[in-house]
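# I'll drop the sequence and a predicted model, then ask my questions.
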Amino acid sequence: MPSLIDLRRRIRSIKNTQQITKAMKMVSAAKLRRAQDRVIAARPYAAMLRKMLANVIIAAADDDEAAASPLLSNRAENRIQLLLLTSDSGLAGAFNSNVIKGAQKFIADHPNAKVEFEVLGRKGRDYFRKRNAVITGEYLGIFKKPVYTDAVEIARKVVERLKNDEIDAVYLIYNEFKSMMSQKVMSTRILPVERPADGERIDYIFEQSPVELLATMLPRYAEIQLFTAIMESAASEHAARMTAMDSASSNAADVIDRLTLFMNRVRQASITREIIEVVSGASSLE
């Protein structure tokens, strides 16, 4: 049976841990509010860009040169560039493990393809580096304060690789922010852009040729898709960490209550034993 000193020391240690988890929850809650506002503000622009790009692709369908763009032409996916978004730190529940499981499932679903990683975040980098995956680039610290230039740099790199026929497709795997309690792992192909199956043809008047217009819009589309995914992942990370720290604080309170009750029982048993010893000693002197 542990002594009272050991129990008090353990309770004090758990209380210190509880203070840390409560502080981390408050920090994540403050960061989540800003990240959530940015995500909500970015979604309409990304959706409108996707819709406009689909309309332009349909309108330019008769242009052979536009149809031959490497960012539009579908091909056999033998070499895949996978953009994996994880966090730089842990203590966020299943946030990172879910994304990593999603990447592993993606690899299993493409057994004949060579998958190369562009990893955004330390956790994904460390996991796949230990497993000798092909990592063509790593970007750490970008989730602390997501900026558009980071997405531009990464998107331009994969666009050039696709144009140079180094890869056949580019996929994104990340956590999409749903709510403070829910995040969903998304696997999305961003390049080549999927041609709309059907749709109303809009009679556009092009000031530029369709080829020049698509040459500008397609890389921009990849940049926006990646930047939106970065902001979604950042908001999801803060939400997951806030939930995990709230759960940890509640668990710490439960452990403290159980230890306090056990300590009181040990102390009461010690007092009772001492009283019995005193009474027994007094009785023996009579």
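Here it is on my side, so go on. Numbering: from 1, shown residues only.

# where does pLDDT dip in the chain?
Applying pLDDT under 70 to the chain flags residues 1, 66-67, 197-204, 277, 279, 281-286.

# which helices and strands sit right next to the lengthiest helix in it?
If you go by DSSP state H, the chain has its longest helix at helix 210-285. Secondary-structure packing of helix 210-285 (3 or more Cβ pairs under 8 Å, 6 or more residues apart in numbering; DSSP states H and E): helix 4-59, helix 64-67, strand 79-85, helix 95-109, helix 148-163, strand 169-179, strand 182-191. For every residue, glycine as well, the C-beta is placed using N, CA and C.

# for residue 76, grab phi and psi.
Per-residue torsions, residue 76: phi -70, psi 130 (degrees, to the nearest 10).

# surely residue 125 is within a helix?
Yes - counting by DSSP: H, G, I helix; E, B strand; the rest coil, residue 125 is located in a helix.

# name the nearest residue to it, sequence neighbours excluded.
Once flanking residues are discounted, residue 125 sits nearest to residue 119: 4.4 Å by Cβ to Cβ, 6 or more residues apart in numbering.

# thought residue 126 was touching the one you found, still the case?
No - using Cβ atoms under 8 Å, residue 119 makes no contact with residue 126, being 9.0 Å away.

# more neighbours, these two?
Taking other Cβ atoms under 10 Å, residue 119 and residue 126 do not tie; residue 119 has more neighbours (25 against 13).

# so what pairs up with that one in the strands?
Using DSSP bridges, the bridge partners assigned to residue 119 are residue 84, residue 138.

# swap in residue 174?
Applying DSSP bridges, one finds that residue 174 bridges with residue 186.

# tell me, how many neighbours does it end up with?
The number of residues near residue 174, taken as other Cβ under 10 Å, comes to 28.

# that one and residue 229, how far apart?
As judged by Cβ to Cβ, to the nearest Å, residue 174 and residue 229 stand 5 Å apart.

# so what sits against both of those two?
Here residue 174 and residue 229 have 83, 85, 186 as joint contacts, going by Cβ atoms under 8 Å, 6 or more residues apart in numbering.

# residues near residue 31, how many?
Count around residue 31 with other Cβ under 10 Å applied: 18.

# whoops, residue 248 was the one
19.

# what's the closest non-adjacent residue to it?
residue 21 (4.3 Å).

# hmm, the one you found is touching residue 243, no?
No - counting by Cβ under 8 Å, residue 21 does not reach residue 243; the two are 11.5 Å apart.

# which residues does residue 42 contact?
227, 228, 231.

# can we see that at 7 Å?
228, 231 (Cβ atoms under 7 Å, 6 or more residues apart in numbering).
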